[in-house]
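K.L.:
3D model of this:
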Amino acid sequence: MPDQPFLVPDLPPGGMHRTEDVIKRSRFIVSVARAASPEAAHAFIDRIRAEHAQATHNCWAFNAGEPGSTAQVGASDDGEPKGTAGRPMLTAVLTSGVGEVVVVVTRYFGGILLGTGGLVRAYQGTAKLGLETCPTRGRETLVRYVVSMDPAFDGAFQNLARQLGAEILTSDYRFDASYEVLVPEPAAERLEGDLARITSGEALVDRQDVETV
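P.N.:
Numbering: from 1, shown residues only. This is a model prediction of the structure:
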């Protein structure tokens, strides 16, 4: 069964979204990134910890799966009173409608104690702020093909690729016209069928693998 589409952070590889708030003199900085695995989430958490090594706390939460799923989640209070940071942040993550996401809230203490309830509101609210302002897009499942055909069909193939939203990665005309192409999974069957029709069954269409972006 194909993976169902859902929202993920719309960020470049290695990129992050960041914003901040000041609550009773404490500075709360929220950093958001995409994390398609727990390993990717922890790598990002370590990156923020290194960047803000002098901060009072770097609390975090992540969901490396689809929105609302608890199969690949994690959270940490990072020294704040138990249950006042990581768990409220994870609740914000799981109810955000965004999947494959990691959130780190960095706190620089401003000298005023917030109390248990104040900490929960501050960490959850800052996490929500980061999630709500982070750009998102639909997660796509793509199928990679290697296609070979008579060069006479090049124009028709190029038009078909545009219609299907496919990306032609490589082209080679030394022998036949050969291409490596990424096709959105919902259009994969149409690519195979239309190429068979256009070339009267002469095109060679080799399905390679599936990837998500």
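
K.L.:
can you list the domains in the chain?
P.N.:
In terms of domains, the chain is parsed into 7-138, 141-212 (source: automatic domain parsing).

K.L.:
ends of the last one, what's the gap?
P.N.:
When you say that, I think you mean domain 141-212. 4 Å (Cα to Cα, to the nearest Å).

K.L.:
how about the first one?
P.N.:
Using Cα to Cα, the gap from the first to the last residue of domain 7-138 comes to 5 Å.

K.L.:
CA atoms of stretch 61-74 as PDB?
P.N.:
Written as PDB, here are the backbone C-alpha positions of stretch 61-74 (Å, rounded to 0.1, in the frame of the first residue of the first chain):
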ATOM      1  CA  ALA A  61      10.600  16.600  21.300                       C
ATOM      2  CA  PHE A  62      10.300  14.900  18.000                       C
ATOM      3  CA  ASN A  63       8.000  12.700  15.900                       C
ATOM      4  CA  ALA A  64       9.800  11.000  13.100                       C
ATOM      5  CA  GLY A  65       6.700   9.400  11.700                       C
ATOM      6  CA  GLU A  66       3.300  10.600  10.300                       C
ATOM      7  CA  PRO A  67       1.400  13.300  12.200                       C
ATOM      8  CA  GLY A  68      -0.100  12.100  15.500                       C
ATOM      9  CA  SER A  69       1.800   8.700  15.400                       C
ATOM     10  CA  THR A  70       3.600   7.700  18.600                       C
ATOM     11  CA  ALA A  71       5.700   4.900  16.900                       C
ATOM     12  CA  GLN A  72       8.900   7.100  16.600                       C
ATOM     13  CA  VAL A  73       8.800   9.800  19.200                       C
ATOM     14  CA  GLY A  74      11.000  11.200  22.000                       C
END
